[in-house]
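Undergrad: I would like to see how this sequence folds:
(chains A, B and C)
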Amino acid sequence: MSSVTVTVNGQSRSGEVEGRTLLSTFLRDTLTLTGTHVGCDTSQCGACVVHVDGEAVKSCTVLAADVDGAEIKTIEGMANADGSLGVIQQAFQDHHGLQCGFCTPGMVMSAAALLKENPKPTEAEVRHYLEGNICRCTGYHNIVKAIMAASGQDVAPPMAAE
Amino acid sequence: MHNFEFVKPGTVADAAAALAGEDAQALGGGQTLLPTMKQRLAAPETLVSLNGIAEMKGVCTNDAGEVCVGGGTPHAIVSRETASSYPGLSKLAGMIGDPAVRNRGTLGGSLANNDPAACYPAAVLASGATIVTNTREIIADDYFEGMFSTALEDGEIVTEVRFPVPEKADWQKFLQPASRFSLVGVFVAKFADGVRVAVTGASEDGVFRWSEAEVALSADFSADAISGLSVPAEGMISDLHGSAAYRASLVKTLTGRAVSGA
Amino acid sequence: MPKDGGIGASSKRREDVRFLTGRGRYTDDINLNNQTYAWFLRSDVAHGTINSIDTSAAEAMDGVVKVFTAKDFEGVGGVPCGWQVTDRFGNPMKEPKHPVLAEGKVRHVGDPIAVVVAESAEQARDAAEAIAVDITELPAVMDMKSALAEGATKVHDDLDDNLCYDWGFVEENREAVDDAIAAAHHVTTLELTNNRLVANPMEPRVAVGDFNPGTEDYTLYTTSQNPHVIRLLMGAFVLGIPEHKLRVVAPDVGGGFGSKIYHYAEEAFVTFASAQVRRPVKWTSTRSEAFISDAHGRDHVTKIELAMDADYNFTALRCDTYANMGAYLSTFAPSIPTWLHGTLLAGNYRTPLIYTNVKAVFTTTTPVDAYRGAGRPEATFQLERVIDKAAREIGMDPAELRRRNFIKPDEFPYQTPVAVVYDTGNYHATLEKGLEMAGVETFEARRAESAANGKLRGLGVAHFIEACGIAPSNLVGQLGARAGLYESATVRVNATGSISVMTGSHSHGQGHETAFPQVVAEMLGIDEGMIEVVHGDTANTPMGMGTYGSRSIAVGGSAMVRATEKIINKAKKIAAHLLEASEADIELADGQFSVAGTDKSVAWGDVTLAAYVPHNYPLEDIEPGLEETAFYDPSNFTYPAGAYICEVEVDPDTGKVDIVGFVAADDFGNVINPMIVEGQVHGGLVQGIGQALLENCAYDDNGQLLSGSFMDYTMPRADDVPMFDVDHSSITPCTHNPLGVKGCGEAGAIGSPPAVVNAVIDALHRGGHTHVTHIDMPLTPSRVWSAINNT
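TA: Numbers count the residues shown, from 1 in each chain, chains lettered A, B, ... in the order given. Reported below is the predicted structural model:
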């Protein structure tokens, strides 16, 4: 076992880990931040996306020991300081961008990373950016709308009835 | 995962020393290795993270005009920093996996693993790049030795790759839709002295050069130049996602598109 | 103007706040004091005889608490099946034992052989690798038709063969259908497979068993769509624990789509093992494990024949289906290819004679059960594909052929030849609405533009019907169900007027916590925020059957309406007393009870307070308190229907299909929350599109799963699908439930696969590839390319 110290959502947190302890396990089990979810074991689904030093990563495919000293942001750190929903979170609620809620933390974290690097993405750019996040409930329609809305853009009209 | 000892050296020399130990393995971004270890298909005693080695990160252009990419550089940074110096490479790096994978996965890790459907080997081979390790330099044509097999010795670390920059290049990737690897990917690079075409995802022997197309395209760099060629299905991968004949067909289709797109 | 509350309002979902801030409480988020962890050692071969299991090395490893094998389960029951189908000769289906842990034989890759319980999940897995299992491999039984051949290897040695049942429906019509087909002007025949799918809710299954040695009570936390059903099946049939000693909790559940209906061996294991080791036992499935242990869906091989007269009226339909059961019978497996499939083969049409034969077959694969739609997608797909093929053969517009054969709006209620009675519908309305939305009159211009870019464009139409609101208990009892399918609700009005609604329905993405209060708020005229839904815990909800079969609002919502009606009746009595008026004169509106024709009124909160502080109260007539329970058993299924129109572009060089437009024009009856309904349709559409283009649960001949992870099983991603154009303005309310609702959860997954495939075939035909009459799902680029190139 070795000790890992990270800054999570602005707070310094420490814990003992094995070599094999994944960042997702460290967050969920050691730090009891269970908002980060694990939906697969092949690094495909993206339910576990968190930000490490400002970059979106899949926390189930990162060793906790390998990010010792890093700055980490999770879904628990995405609300406004007063506890109200942040812009992306609010857009997800307004546009019904979630159903069962399991993929949602990863979706929100990926959306935040996208909007940081591309503040006004097109619908196609949003869809492409989400290729590492799987949702089984929403059909993506309202997730895409929510992210477009969170970027301050009018949401795209349906394509077929033109 | 089986448990292991985790070490994170700060220099290439220290990493090489750590890798000399019994059953030690290097960890790049871990985007392939960690899922493999989760399935318990790999079980090193010691895992040597290369992520703390500053000298292995970054992109620059050397005096010979080659784009030099540190072996520990994540795909996202390669994509961003080669956008003007080598747009074809930038495009390829920007299409690997997904955004979160690109923030973590590294060039060196991809080349050391040499997955038959990985993207980077196509760019390295088509560019005629030089793979620099902690002990030597290996030209691309000597580096890839078939599926999951390379010229690397045990414990050898890919520290840098030097890409000669072609006059024109393009990358065409046809997705394996589940894994987001290449079902087939073709990198075409046109240099002053000829064209190189590298294909990944298709062959049971891993990345390869389509030499007939290279000859035809070196004489006439247009999609029409390869219209009379065909790729034999023999030796192509056949699986759930595509037959050998289909992959062979894609090689030609994508090569044509890459030429047009270059 | 959209409403801002009550029935018909797109109220924002209140549950979203906890999910968006990481404060949901899913089963894997539950960690109990002194908890242990289970890891299942599963068979890596499809079929074999277990010669020996040596657990001694594993038992000696660090952190191991106990290792379990089948011998620890002597006296424990098998995992039960909840539905008995009777075959066409009057005999019951074959029902082999499904042990919690394999007894003597393994019958599919993933069949659990032993379990390690240890101090940590990784230690349990480490130790499982040290268990030595000696297995003599037997031939895998994979192809259904071969499995039924004389002398085929048997999956279950104690059965005569691999046939679970040979079912005919409607058996009395068999000869008449044969005669009608022989006499037909035109018969269109289609052979197809309905591809095996994996439900893959994003939350893998989890179960935590917690035995309390002090009270000898058991608690199971599990990822279930129906905790009461699990309590009944596991308590009564597997472990012999009476209901009052067993509590089942399904907290926030991350999607189900059918796969979390069933009672699974892992649930029984952790509950049982917790009592053995006297500590809580937790099991969390990996995704790889989910692929081989969650029940799969679909997997039918079908031949369908459609007969028409000279005017192209449908005269008869004959279907032969082989349905894969997998190695054991999952909870509702036998009902899917039979009663949820055969009864829907009339579709939206007036076909007078229908016969279907279904042979259910045991194979050495993971069990197959309901997946979103369950039987109805299989019925819809074959029917809508054969109609499309027929239209092409006779040179008629496929929409016109459908129109010509639709049940007419004035023919409802409509008795089909396959037992069910459709109460309402207007298929002409949904079809015309869909065609209008799809812009079919301008399609040719879009096609020409695609052609100029080297792409083939096509338009596919499908119309579907489904039987939802599952189900009338007496009817399903006659058909073999071993359970009732009513639903329950308790409406508990608190002293200050706030309300807790305890429902037997379970929300795992459907938004019940938001939509259910909308109904009660509308009935009482109070704010939705005063109403909270409680679900998912057998300890504080009345016995209910859970959520599947698009039943929650139609059956669970109806129970809630009935309970709320009882509340209103009693509250009116109290109000009458307070207002010194006759009960018959009391009216309730906007949360106020008033005396008709006067300005005398009393507020909701005053009445509820009086019920619990009965100082001035008609105690001689009614009891204090304000809490009512209702159980609602529907008198019929509900019958949502709709037109789904898909537009595709096919790249002929690569075979890649892009969906460029998709219209869904549905009739769901009345709608409670349009936003939620549209979301349900979007999700269903993408699961259907996934089936049509991407998803394929494939095995090799040795029974090894080829698509055993998200690396090979293609889940639809955001860039695989377009924005959808959905409409639910065609409304023919259900006539037999109080809300007039029909249900919307499965529609998208039922109607979309044939629309997509029809569109691709249309594109190929318009592009000159007329030799392609069918491609089996999923229509991967490789398959489309091969079809075009005839390879």
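Undergrad: pull the contacting residues for the nearest residue in space to C:Ile788 that is not next to it in sequence.
TA: Of all residues not flanking C:Ile788 in the chain, C:His769 sits nearest, at 5.2 Å (CB to CB, 6 or more residues apart in numbering or on different chains). (C-beta placed from N, C-alpha, C; glycine too.) Contacts for C:His769 (CB atoms under 8 Å, 6 or more residues apart in numbering or on different chains) come out as C:456, C:652, C:787-788.
Undergrad: as a markdown table, the residues you listed with secondary structure, distance to B:Ser85 and neighbour count would be great.
TA: Listed next are the contacts of C:His769 as a markdown table, based on DSSP: H, G, I helix; E, B strand; the rest coil; distance: CB to CB, whole Å; neighbours: other CB atoms under 10 Å in any protein chain shown:
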| residue | secondary structure | distance to B:Ser85 | neighbour count |
| --- | --- | --- | --- |
| C:Leu456 | strand | 39 | 24 |
| C:Pro652 | coil | 37 | 18 |
| C:Ala787 | helix | 43 | 21 |
| C:Ile788 | helix | 40 | 20 |
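Undergrad: between the residues you listed, which sits nearest C:Glu59?
TA: Among the contacts of C:His769, C:Ala787 lies closest to C:Glu59 (CB to CB), at 55.6 Å.
Undergrad: so A:Thr5, which state does it fall into?
TA: For A:Thr5, the assignment made with DSSP: H, G, I helix; E, B strand; the rest coil gives strand.
Undergrad: before we move on, what about C:Gln680?
TA: helix.
Undergrad: so it touches C:Gln510, yeah?
TA: Yes: C:Gln680 lies in contact with C:Gln510 (CB atoms under 8 Å); the separation is 7.1 Å.
Undergrad: common neighbours of these two, please.
TA: Common neighbours of C:Gln680 and C:Gln510 (CB under 8 Å, 6+ apart) are A:99, C:745.
Undergrad: how confident was the prediction at the residue nearest to C:Ile788?
TA: For C:His769, the pLDDT comes out at 97.
Undergrad: if I look at it, how far off is C:Ser786?
TA: Distance, C:His769 to C:Ser786, using CB to CB, to the nearest Å: 12 Å.
Undergrad: now do the contacts for the closest residue to B:Ile139 other than its chain neighbours.
TA: Nearest residue to B:Ile139 in three dimensions, chain neighbours excluded: B:Thr130, at 5.7 Å (CB to CB, 6+ apart). B:Thr130 is in contact with B:66, B:137-140, B:161-162, counting by CB under 8 Å, 6+ apart.
Undergrad: okay, and the beta partners of B:Thr130?
TA: B:Ile139, B:Arg162 (DSSP bridges).
Undergrad: how about the closest residue to chain B within the stretch 301-450 of chain C: what's its closest non-neighbour residue?
TA: Across the stretch 301-450 of chain C, the shortest distance to chain B (CB to the nearest CB) belongs to C:Thr365, at 15.9 Å. Take C:Thr365 and drop its neighbours on the chain: the residue closest to it by CB to CB, 6+ apart is C:Gly326, 4.8 Å away.
Undergrad: for that neighbour, what are its contacts?
TA: C:108, C:295-296, C:333, C:362-363, C:365-368.
Undergrad: burial count for the residue of chain B found nearest chain A?
TA: As assessed by CB to the nearest CB, chain A sits closest to B:Asp98 within chain B, at 2.6 Å. Each residue near B:Asp98 was counted by other CB atoms under 10 Å in any protein chain shown, and the total is 24.
Undergrad: distance of it relative to A:Leu130?
TA: 8 Å.
Undergrad: pLDDT below threshold where in the stretch 1-150 of chain B?
TA: Counting by pLDDT under 70, not a single residue of the stretch 1-150 of chain B qualifies.
Undergrad: please enumerate the strands of it.
TA: B:5-7, B:24-27, B:46-49, B:59-61, B:67-70, B:130-133, B:137-139 (DSSP state E, counting those that start in this stretch).
Undergrad: what of chain A?
TA: A:2-8, A:11-17, A:49-52, A:55-58, A:71-73 (DSSP state E).
Undergrad: looking at those, which is closest to chain C?
TA: The nearest among those, by CB to the nearest CB, is strand A:49-52 at 10.4 Å.
Undergrad: how close does C:Ala152 get to chain B?
TA: Note on C:Ala152: its distance to chain B, by CB to the nearest CB, to the nearest Å, is 26 Å.
Undergrad: what about that residue, is that helix, strand or coil?
TA: Applying three-state DSSP: C:Ala152 is coil.
Undergrad: and the pLDDT for the residue minimising distance to the centre of chain A?
TA: Centroid-nearest residue in chain A: A:Met109, 2.3 Å away (criterion: CA atoms, centre = their mean). pLDDT for A:Met109: 98.
Undergrad: pretty sure it sits against A:Ala56.
TA: Yes: under the criterion of CB under 8 Å, A:Met109 makes contact with A:Ala56 at 6.0 Å.
Undergrad: returning to what we had before: contacting residues for the residue nearest to the centre of chain A?
TA: A:Met109 touches A:49-51, A:56, A:73-75, A:78, counting by CB under 8 Å, 6+ apart.
Undergrad: ok, of the residues you listed, which come out buried?
TA: Listed as buried from those are A:49-51, A:56, A:73-75, A:78; burial here means 16 or more other CB atoms under 10 Å in any protein chain shown.
Undergrad: spatially nearest residue to the most centrally placed residue in chain B, not counting backbone neighbours?
TA: Taking CA atoms, centre = their mean, the centroid of chain B lies closest to B:Tyr120, which sits 2.0 Å from it. Spatial nearest neighbour of B:Tyr120, chain neighbours left out: B:Ser110 (4.3 Å); criterion: CB to CB, 6+ apart.
Undergrad: how many neighbours does that neighbour have?
TA: B:Ser110: 26 neighbours (other CB under 10 Å).
Undergrad: so it makes contact with B:Ala118?
TA: Yes: the criterion here is CB under 8 Å, and B:Ser110 meets it with B:Ala118 at 5.2 Å.
Undergrad: where does pLDDT dip in the chain?
TA: Since you didn't name a chain, this refers to chain A. A:156-162.
Undergrad: that was the other one, I meant chain C.
TA: For chain C, the stretches with pLDDT under 70 are C:1-2.
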